[in-house]
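1. okay, here's the prediction I keep looking at, along with the sequence it came from:
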Protein chains: 2
Amino acid sequence: MIEETSKKTMDHKIQLAVEAYQFLKNTTIKERAEFMNAVADHIEALGEELLTTAHAETSLPLARLTGEKARTIGQWRSYAKAVASGIYTESRIDLAQPEKQKGDLRKYNIGIGPVLVFGASNFPFAFSTAGGDTASAIGAGCPVIVKAHPAHPKTSQIMADAITATVERSGWPEGIFSHITGTSHEIGSYLTQHKDIHAVAFTGSFNGGKALFDIANRRENPIPVFAEMGSINPVFAFEQLLEDKAENLAKEYASSLTLGVGQFCTNPGVFIALKGNHLNRFITALKKEITEIVPVNMLHKGIFDNFEKLKGIASEQSEVEIIAEVNTKINEWQGRAVVAQTTGQNFIQNPILSEEIFGPFGIIVACETSEELLQIAHQLKGQLTITVAGTAQDVRENLNLINLLKDKCGRLLFNGMPTGVEVVYAMQHGGPFPSTTDTRFTSVGPDAVKRFVRPISFQNWPDEFLPEELKDENPLQISRIVDGEVNSGSLKLETV
Amino acid sequence: MIEETSKKTMDHKIQLAVEAYQFLKNTTIKERAEFMNAVADHIEALGEELLTTAHAETSLPLARLTGEKARTIGQWRSYAKAVASGIYTESRIDLAQPEKQKGDLRKYNIGIGPVLVFGASNFPFAFSTAGGDTASAIGAGCPVIVKAHPAHPKTSQIMADAITATVERSGWPEGIFSHITGTSHEIGSYLTQHKDIHAVAFTGSFNGGKALFDIANRRENPIPVFAEMGSINPVFAFEQLLEDKAENLAKEYASSLTLGVGQFCTNPGVFIALKGNHLNRFITALKKEITEIVPVNMLHKGIFDNFEKLKGIASEQSEVEIIAEVNTKINEWQGRAVVAQTTGQNFIQNPILSEEIFGPFGIIVACETSEELLQIAHQLKGQLTITVAGTAQDVRENLNLINLLKDKCGRLLFNGMPTGVEVVYAMQHGGPFPSTTDTRFTSVGPDAVKRFVRPISFQNWPDEFLPEELKDENPLQISRIVDGEVNSGSLKLETV
């Protein structure tokens, strides 16, 4: 039974966050990084209970959860390192020029204010209570209010306790982190409308993310919403590569499509190629691969039911043919992989076929002409990823198409498959609408911190009142832009 | 007579911008910087006609326009230099680690797409057709559609011609820049709703900016709107400073309040202090200063009428007393400086007194207690600037208040006055809502470019297909983050 947090309690927790913000915005990047590393240590020390609880709540295999735990710890540590480097302070100093009557001006980024984070169902650790959104918001200097995902309440509570214990041990104000539970949509809506919430991070469905986005923009003081809402992650496969490697590609595609029972935002739900012998070879190999996939339980019954429903709708569309399906009789809420096929024209004309189906469902789009491929690219909505399966020669022959694909995604792959989202600086996990509400930001990798900062300039302030990041002496030894040039030194030494 | 651009023409110009974007997003930062410098040269070469036309259209003095022209040229050149440095590409490379099955991942920022820029009335050069928004969007790699401000159509046309001539000379596609004229609000609304516009920049009234923001968020694919909508830029004056320098401060305040007939977004419309002898001295001196101001014409009759109207409304509020006013009989649409006074409690309780009045109108808020100052700070809406007029001791005694003020503005001054917005890296011209729609960005200084970029990651692409900014060799010699560390070198050298 999940407790519905009352409005009174939510108001109280937000008030604590407001107070904690006044503290947190004056901490240095080094202090916050230390705190983040302490959270990582705390999570690392959590025993078997975390894994067994999450396994029971999500059906995710222990091996996957072990990996996800390591990833989550890695997020806290790598974001901490990036925060400590000063990169997200974007510190700039323009020294006074009295002869030109120009004052001293210094700018850096501070936390935007209390941040509301929604836990996701498909990553109980890495995108949930103690996930990347929480880590990046605290790194930015923002207190966090987590609305726990109701699909794994006990797991969330263990993680919340770990963060709370870290807050207590650090002596920081308790409002740095709050945990809110409940199943009703009203909780999320109430929190998103609260005047003291300054940003929202969400990973989940389009309907959920878009609703929060609309609420946030209708506030008296609108706030940013970073909603990652998934996509169909098309794979465009080209002639020469198919000729060379149709069977290998089928193996790779089947594996990516069914990884984690297809429950990834980067699941490659559409495979687009010219029809012909090469594509036929790919399809023949894919059928064999798919039928051998052993079905396992999806995250929860709601997701399974939705998968079955959407799979049914897609399969019933005209000119859509199921070409491969796992034959095994399924139990409970096992997600059975299915691959369908349709024509380029049908895909272009029927928008239902461009909707995401969360789970192991793929559709092969067999095009008549290169023109059709280009038309599909033109029409594509924003995607987290697009994959070009091709040889260098295929790329040279399709430069216009590939140039256009850059406008439609956040990450463009050359071969390989889009599942597997590395937590590194160069990752972009966020694409044009509707894959996210804001294509300018990523929710994976240290750059996720950038979502929660805003710049403030100080004009003519005495050194004693400036934040450490902007003091003459540069006590944190960060890289700053001083009078237009990169400078990692102290300004005092230069003037001695 | 201003021509109303037809929808057909607007559609055509946007289509040209879409085509130009495909070209522009593949230009390098160096190529765009070169183009921007060429625009600067072109504007610099414009003769007397530019100044006399702008003078006739805006009533702004020739000296001011000469300065604004230099500033505009400076914007193009300094933004070009910043763009060429690579800072806004935020290039990151995480090299492949085959032993960990990690692919090569490279990310950089590209232009977000065609940008719609609205010219402003109060800066016919620097915030208009060839102003900072146009320069920063092109620097980011975005074609620009300018909706010219109808208050200075001929000036706008001269500037548009200069940019168009630069486009022609460079051999770049004509859609890089388009100029749209008209007086109806429908034009702005139509353009903001157009599916191929990807961002909007606006400087003007709250009503105008908020309307565009709402339109943009209701689109099928919402887009960012950067609207700078002005503010009342409060000055908080403290005891010790007032005791030391009441008369000097009055001189400074009067001068800033009436500079350019008060027609600046950073005009300090509110002066807040504890009542008493020191404030009385300030007021006595201020009266003398204000009555000596020579009234001059405002930008146009509409602005003058609006100033007179809002000044009248504010003056008629209960417990508001006019304490200083220019006595001279005014002609045409001369803006006559006025200073009113009220109590802290009245200012807190009457929201009308916190509304911006565009023009030389100031209100002195005489508070009973420090608590009242704090209450005013708590209640303040977002501001472009807040000024602390104090000594170091005043600051030490009011740290809580000053900490709170950081949440309410984009630029916090210690003494000095907020008018005069330097075009440098450390400038933040943008504050919490409602001073702007997005406090995370600035519209002045090279960082204005950041508004118009979005990141894209390339996974596993052969070097030949990567943009110059991400190639192994680092041909543009920019600073990149490679495997988590800052690196300005070539990756080829290292692996030889």
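-> Yep, it's here. Residues are numbered from 1 along each chain as shown, chains lettered A, B, ... in the order given.
2. hey, let's count contacts and neighbours off CA atoms from now on
-> Will do.
3. and A:Ile197, how far from B:Gln375?
-> 20 Å (Cα to Cα, to the nearest Å).
4. more neighbours: which of those two?
-> Between A:Ile197 and B:Gln375, counted using other Cα atoms under 10 Å in any protein chain shown, the more crowded position is A:Ile197 (22 against 15).
5. strand partners (parallel or antiparallel) of the helix or strand encompassing A:Ala366?
-> Here A:Ala366, judged by DSSP states H and E, is contained in strand A:361-367. Strand pairing for strand A:361-367, using DSSP bridges, gives strand A:270-274 (parallel), strand A:338-343 (parallel).
6. what's the neighbour count on the closest residue to A:Gln97 other than its chain neighbours?
-> In this structure, A:Gln97 finds its nearest non-sequential neighbour in A:Gly103, 6.4 Å apart by Cα to Cα, 6 or more residues apart in numbering or on different chains. The number of residues packed near A:Gly103 is 18, by other Cα under 10 Å.
7. over to A:Arg281?
-> For A:Arg281, using other Cα under 10 Å, the count is 16.
8. with A:Asn306 instead?
-> A:Asn306: 14 neighbours (other Cα under 10 Å).
9. same check, this time on A:Glu422
-> When neighbours are counted by other Cα under 10 Å, A:Glu422 comes out with 17.
10. just confirm it is within a strand.
-> No. If the criterion is DSSP: H, G, I helix; E, B strand; the rest coil, then A:Glu422 is coil and not within a strand.
11. next, the contact list for it, please.
-> Shown in contact with A:Glu422 (Cα atoms under 8 Å, 6 or more residues apart in numbering or on different chains): A:444-445, B:102.
12. let's see if you can find the most crowded of those.
-> Busiest of those [other Cα under 10 Å] is A:Val444, holding 26 neighbours.
13. specify the local secondary structure of A:Tyr21.
-> Quick answer, by three-state DSSP: A:Tyr21 is helix.
14. ok, now which ones touch it?
-> A:113-114, A:141-143, A:176.
15. and it, how far from A:Phe202?
-> 21 Å.
16. go on, A:Phe35?
-> 23 Å.
17. ok, those two, which is more surrounded?
-> A:Phe202 (26 against 22).
18. contacts only, for that one.
-> A:117-120, A:209, A:225-228.
19. cross those residues against strands and list the overlap.
-> Mapping these onto strands (DSSP state E) picks out A:117-118, A:225-228.
20. and the furthest pair within those residues?
-> In the ones in strands among the contacts of A:Phe202, two members sit farther apart than any others by Cα to Cα. They are A:Val117 and A:Glu228, at 12.0 Å.
21. circling back: got the contact list for the strand holding A:Ala366?
-> If you take Cα under 8 Å, 6+ apart as the criterion, strand A:361-367 is touched by A:257, A:262, A:268-275, A:279, A:311, A:337-345, A:347, A:373.
22. return the distance of that strand from the chain's centre.
-> Strand A:361-367 sits 26 Å away from the centroid of its parent chain (Cα atoms, centre = their mean, to the nearest Å).
23. same deal with stretch A:267-280?
-> Worked out by Cα atoms, centre = their mean, stretch A:267-280 lies 27 Å from the chain centre.
24. so what touches that stretch?
-> The contact list for stretch A:267-280, computed with Cα under 8 Å, 6+ apart, reads A:231-239, A:242-243, A:246, A:253, A:256-257, A:356-357, A:360-370, A:373, A:417-419.
25. can you redo the strands paired with strand A:361-367 as a markdown table with mean pLDDT and mean neighbour count?
-> Putting these into a markdown table (pLDDT from 0 to 100; neighbours: other Cα atoms under 10 Å in any protein chain shown) gives the following:
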| stretch | mean pLDDT | mean neighbour count |
| --- | --- | --- |
| strand A:270-274 | 98 | 23 |
| strand A:338-343 | 97 | 22 |
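26. looking at these, which is nearest to B:Thr53?
-> Per Cα to Cα, nearest to B:Thr53 of those: strand A:270-274, 57.2 Å.
27. end to end, how far does stretch A:355-372 reach?
-> Stretch A:355-372: ends 19 Å apart by Cα to Cα.
28. with stretch A:314-332 instead?
-> Distance across stretch A:314-332, first residue to last, is 22 Å (Cα to Cα).
29. how about stretch A:437-456?
-> 25 Å.
30. off-centre distance for that stretch?
-> Centre to centre, stretch against its chain (Cα atoms, centre = their mean), the figure for stretch A:437-456 is 11 Å.
31. and the helices in the stretch 201-350 of chain A?
-> Taking DSSP state H, counting those that start in this stretch as the criterion, the stretch 201-350 of chain A carries its helices at A:206-218, A:239-258, A:277-291, A:301-315, A:344-349.
32. I'd like these as CSV, with mean pLDDT appended.
-> Below are the helices of the stretch 201-350 of chain A laid out as CSV (pLDDT from 0 to 100):
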stretch, mean pLDDT
helix A:206-218, 97
helix A:239-258, 97
helix A:277-291, 96
helix A:301-315, 94
helix A:344-349, 98
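33. among these, which comes closest to B:Asn306?
-> Short answer: helix A:206-218, nearest of the helices of the stretch 201-350 of chain A by Cα to Cα, at 27.8 Å.
34. helix B:206-217 and that closest one, what's the angle between them?
-> Between helix A:206-218 and helix B:206-217, the angle comes out at 180 degrees (axes from the mean of the first three to the mean of the last three Cα atoms, to 10 degrees).
35. for helix A:206-218, buried residues please.
-> Across helix A:206-218, burial judged by 16 or more other Cα atoms under 10 Å in any protein chain shown covers A:206, A:208-210, A:212-213, A:215-217.
36. is chain B contacted by the host helix or strand of A:Ile386?
-> Per DSSP H and E, A:Ile386 falls inside strand A:383-389. No. Remark: strand A:383-389 sits outside contact range of chain B, by Cα under 8 Å from any Cα of the partner chain, the gap being at least 9.0 Å.
37. now render the ones in strands among the contacts of A:Phe202 as a markdown table, adding distance to chain B and pLDDT.
-> Below are the ones in strands among the contacts of A:Phe202 laid out as a markdown table (distance: Cα to the nearest Cα, whole Å; pLDDT from 0 to 100):
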| residue | distance to chain B | pLDDT |
| --- | --- | --- |
| A:Val117 | 19 | 98 |
| A:Phe118 | 21 | 98 |
| A:Val225 | 12 | 98 |
| A:Phe226 | 13 | 98 |
| A:Ala227 | 13 | 98 |
| A:Glu228 | 14 | 97 |
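38. okay if I get these as CSV plus neighbour count?
-> Formatted as CSV, the ones in strands among the contacts of A:Phe202 follow (neighbours: other Cα atoms under 10 Å in any protein chain shown):
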residue, neighbour count
A:Val117, 30
A:Phe118, 26
A:Val225, 27
A:Phe226, 27
A:Ala227, 29
A:Glu228, 29
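39. tell me what A:Cys367 is bridged to.
-> A:Leu274.
40. ok, so what distance separates it from A:Gln375?
-> A:Cys367 is 10 Å from A:Gln375, by Cα to Cα.
41. same check, this time on A:Ile163
-> 49 Å.
42. try A:Val146
-> Taking Cα to Cα, one finds A:Val146 at 42 Å from A:Gln375.
43. list the helices and strands the strand holding A:Ile386 packs on?
-> strand A:235-237, strand A:409-414 (3 or more Cα pairs under 8 Å, 6 or more residues apart in numbering or on different chains; DSSP states H and E).
44. got the residues of the stretch 151-300 of chain A near chain B?
-> So the stretch 151-300 of chain A meets chain B at A:214, A:217, A:221-222 (Cα under 8 Å from any Cα).
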